[in-house]
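Undergrad: Got a predicted structure plus its sequence, pasted below:
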Amino acid sequence: MKTIAGSVSKKTLVWMIIIAVFGALLIWISFQPTLTPLKSQVTAPTTPAVQMVGDESRANAFTSFEQSDPNIDMNEAGVSVVVWQSRQGESSYPGVGGNIFAVRYDQTGREIVPPEELRDKGGVKGNEFRVNTPGNNLPGSPSVTMNAAGSFVVAWYSRNNGKVFARRFDPSGAMVGEELEINSQSKAKFQDDARIAVGMDDEEDFVVAWFGTGPNDEEGIYARWYDSSGAPRGDEALINTTLVGEQSSPSVAMNASGSTVFTWFGNGVGDEQGVFARQFDQNSVALGEERLVNENPERPQKRPSIDMINTGEFVIVWQTLFDDDRKWDISFRTFSPVGTPGPEIRANSKREKDQEHPAVALSEEGEILIAWDTNDVLLPSRRDVFARLFDPEGNPLTQGISRVNSTADNAQWYPGVAMNSQRDIVILWSGYREDDVSGYDHEAVVFQRFKKYDGNVE
């Protein structure tokens, strides 16, 4: 009697064993429970959530000298305003040592012509207009906030004397009242990579925050609230509760009802180089003391940025120096209206070079847009701007908007972001461009628009 082994070839027998083992493995897998991937293992969908609209554009019409420190905000209707610091004082733009300029855009990305009285105040090139009163204050580090109706406030500080200023505008773009001098008890201090912070609610109440020295803290975060008439709601207040060491680089968000959250980095309880936050209600009353934002106090943190939606949820993004390779990464964390945090998440997927200067925007549905800049791997002297979109839980909605700038020469850095619930997105940055007169490269204010994906990829 022949055995089975004797009735088939050895090669056939091997294949029979392989098929039997594979079949058994499939049966075993089918009875196993479904595993939920860790957040760090979530794979982005291949279908893009947004698409690029048009080419990158330059906001500043005047191209000689440096145009830098850009900032942006946008309302739900898609109307946006861009502000920047201009390092020039020619007779065309009265003033000494520079000015703060702005330009508005409609929902299609077209420039809005400013009111005639603004054109007499410096807007002689294109549709840009001067924000500050001319003088020798050396204005810098501007910030802008816009509410649902389109009213906006621009704030900046004087590099000459440490004064903080603000100016209000109505939805038509007209100036409202006089230029406001914000601080009297404290003095704003110059800080690299930091700006004056400003937020506004739907009633046109607003708040301005800055890093400075005052009677209660020599290196702290100060702020002052104002009502819709431009009158202060009390004196300037110290925001941080830790008074030892430096607390700097403030960012602020105010929602439609006037709730306010401040964030900054520096020394505090639980971390000597951490990111901290403090919440205030609609009446400017603190909801407890400052709290630590980052999870790991063993790593240096810096340059936070914040945004908040009308329901009170907010997101803070910042730079984290990881110990494993000593490179800066971009971290972010979501918070509930009462300040309950989600997990700390890394925004960038590439880590070959330092990732720096993050900015964040939230849609009312809770989608999170984060942009930052980094050095090119092959050309370390060049920097590019990258961005990524996340769902409210922090999962990526795209494989990354990827590199935002199409111009690949010189430095493209210090991004600002704006987004509404229709995923109208504007990302702007400082980038070197050739001027119209001399042909030399000067720092310019550059932006790129994006739109919600509609099935037609351009």
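TA: Perfect, I can see it now.

Undergrad: which stretches of the stretch 351-458 of the chain have low pLDDT?
TA: Scanning the stretch 351-458 of the chain for pLDDT under 70 picks out 381, 398-400, 436-440, 454-458.

Undergrad: So the residue nearest the centre of the chain versus Ala155, what's the distance?
TA: Closest to where the C-alpha atoms of the chain average out (Cα atoms, centre = their mean) is Ala359, at 2.0 Å. For Ala359, the distance to Ala155 (Cβ to Cβ, to the nearest Å) stands at 17 Å. For glycine as for every other residue, the C-beta is placed from the backbone atoms N, C-alpha and C.

Undergrad: again with Pro337
TA: Relative to Ala155, and taking Cβ to Cβ, Pro337 is found at 25 Å.

Undergrad: And the two? Which one has more around it.
TA: Looking at Pro337 and Ala155 with other Cβ atoms under 10 Å, you find the greater number of neighbours at Ala155, namely 29 against 15.

Undergrad: Quick check: the more buried one is in a helix.
TA: No: secondary structure of Ala155, determined by DSSP: H, G, I helix; E, B strand; the rest coil: strand, with no helix assignment.

Undergrad: Which parts of the stretch 251-400 of the chain are strands?
TA: Here the stretch 251-400 of the chain has its strands, by DSSP state E, counting those that start in this stretch, at 260-268, 271-280, 291-292, 301-308, 314-321, 328-335, 345-346, 355-362, 368-375, 383-390.

Undergrad: how does the chain divide into domains?
TA: Segmentation of the chain into domains, based on automatic domain parsing, reads 1-32, 51-452.

Undergrad: out of the ones you listed, deepest packed?
TA: Stretch with highest mean neighbour count among the domains of the chain: domain 51-452 (a mean of 19; mean count of other Cβ atoms under 10 Å).

Undergrad: contacting residues around the residue lying closest to Ala253 once chain neighbours are set aside?
TA: Using Cβ to Cβ, 6 or more residues apart in numbering and skipping the chain neighbours, the partner closest in space to Ala253 is Met308 (3.8 Å). Contact partners of Met308, counting by Cβ atoms under 8 Å, 6 or more residues apart in numbering, are 253-255, 259, 261, 314-315, 362.

Undergrad: do Ile196 as well
TA: So Ile196 contacts 141-143, 155-157, 164, 188, 208-210 (Cβ under 8 Å, 6+ apart).

Undergrad: just curious, which of these is nearest to Ser64?
TA: Nearest to Ser64 among the contacts of Ile196 is Pro142, at 19.4 Å by Cβ to Cβ.

Undergrad: pLDDT wise, what is that closest one at?
TA: With respect to pLDDT, Pro142 has a value of 96.
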